[in-house]
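**Student:** Dropping the sequence and predicted coords here.
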Amino acid sequence: MPPKVDIGEVLQGQVALVTGASSGIGAAVARELARAGAAVAVNYAGNPAGAQSVADAITAAGGRAIIVRADVSVEAEVTTMFSAVLDAFGRLDILVGNAGLQRDAPFVEMTLEAWERVMAVNLTGQFLCTRAAVRQFLAQEARPEVSSALGKIICISSVHDVIPWAGHVNYAASKGGLSLLVKSLAQEVAEKKIRVNAVSPGAIRTPINRAAWETPEAEAALLKLIPYERVGEPEDIGRAVVWLASDASDYITGATLYVDGGMTLYPEFREGG
């Protein structure tokens, strides 16, 4: 388990939108942002009960939260989602683009539908949401007493933006594309005082990869790929996002933070290659 950390209220007075926040990493990110003082819009596509549970936990702890449905790959739904956030909270300071999915198959068996659906959510969805966020940031007044940046965008990627992944070509390609979306957008909007960064998780204990850690045998095999010798928890990602959204990281933009216990260090080469 990750150590207990007091992150304080470093995001007090700010508003965050987290896409794909009804479970797993997105839910943990939403809870950690709220714990740091932000009001949070919890986005979901098909799990309203999960989103409501996240929002209820935030409000029970004294925070502010709403739930808002949208498929991030649909432009009209993204527009409606942002309008709902502004109606509820009046502004937006932080976007966390977490919505993503997998449609795995051997490459020769992968359908065009599987390719296009993964690209639509994982890459086009990031484009639509980040574009809407940048437009909103530019339309609202800066509040230097609350945040040094005009707005902060954190895209949740994956270690597979650099680690090839056979059998998951569509997913890896979407994350590789996201890496250059983040860098290129950061380059373009830095002069506007908008920061754009990514967090690339490694193996995190979430329902989507339950088979990889649920049994002692599976977890032992997984740990061979993790030099730090523990599976990550969703809160590990949530705390990294809070830091990137706070003024503690104000001089960082266009960066990807790998939260992976060393998975990207090519642990197979520890014995000399």
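**Tutor:** Yes, it's here. Please read these numbers as outputs of a predicted model, since none were measured by experiment.
**Student:** For stretch 158-172, what is the distance to the chain centroid?
**Tutor:** Centroid separation between stretch 158-172 and its chain, computed with C-alpha atoms, centre = their mean, to the nearest Å, is 17 Å.
**Student:** do stretch 143-155 as well
**Tutor:** The answer for stretch 143-155 is 17 Å, by C-alpha atoms, centre = their mean.
**Student:** same question, stretch 218-227
**Tutor:** Distance, centroid of stretch 218-227 to centroid of chain: 23 Å (C-alpha atoms, centre = their mean).
**Student:** What is the end-to-end distance of that stretch?
**Tutor:** For stretch 218-227, the first-to-last residue distance is 16 Å (C-alpha to C-alpha, to the nearest Å).
**Student:** in it, what's buried?
**Tutor:** Across stretch 218-227, burial judged by 16 or more other C-beta atoms under 10 Å covers 219, 222, 223, 225, 226. Any C-beta I mention is one placed from the backbone N, CA and C, and that applies to glycine too.
**Student:** Strands - which of those land there?
**Tutor:** With strands taken from DSSP state E, there is no overlap with the buried residues of stretch 218-227.
**Student:** Which helix or strand contains residue 17?
**Tutor:** Counting by DSSP states H and E, the element that carries residue 17 is strand 15-18.
**Student:** Remind me what that strand packs against, helices and strands.
**Tutor:** helix 24-35, strand 39-44, helix 75-89, strand 94-97 (3 or more C-beta pairs under 8 Å, 6 or more residues apart in numbering; DSSP states H and E).
**Student:** who does it pair up with?
**Tutor:** strand 39-44 (parallel), strand 94-97 (parallel) (DSSP bridges).
**Student:** Report the rounded mean pLDDT for the longest one.
**Tutor:** Here the mean pLDDT over strand 39-44 is 98, rounded to a whole number.
**Student:** for stretch 200-208, same thing?
**Tutor:** For stretch 200-208, the mean pLDDT works out to 91.
**Student:** Quick check, residue 96 in contact with residue 25.
**Tutor:** No: with contact defined as C-beta atoms under 8 Å, residue 96 does not reach residue 25; the gap is 9.6 Å.
**Student:** Which elements pack onto the longest helix along the chain?
**Tutor:** When the chain is parsed with DSSP state H, its longest helix is helix 169-189. Helix 169-189 sits against helix 112-119, helix 125-139, strand 151-156, strand 194-201, with contacts defined as 3+ C-beta pairs under 8 Å, 6+ apart.
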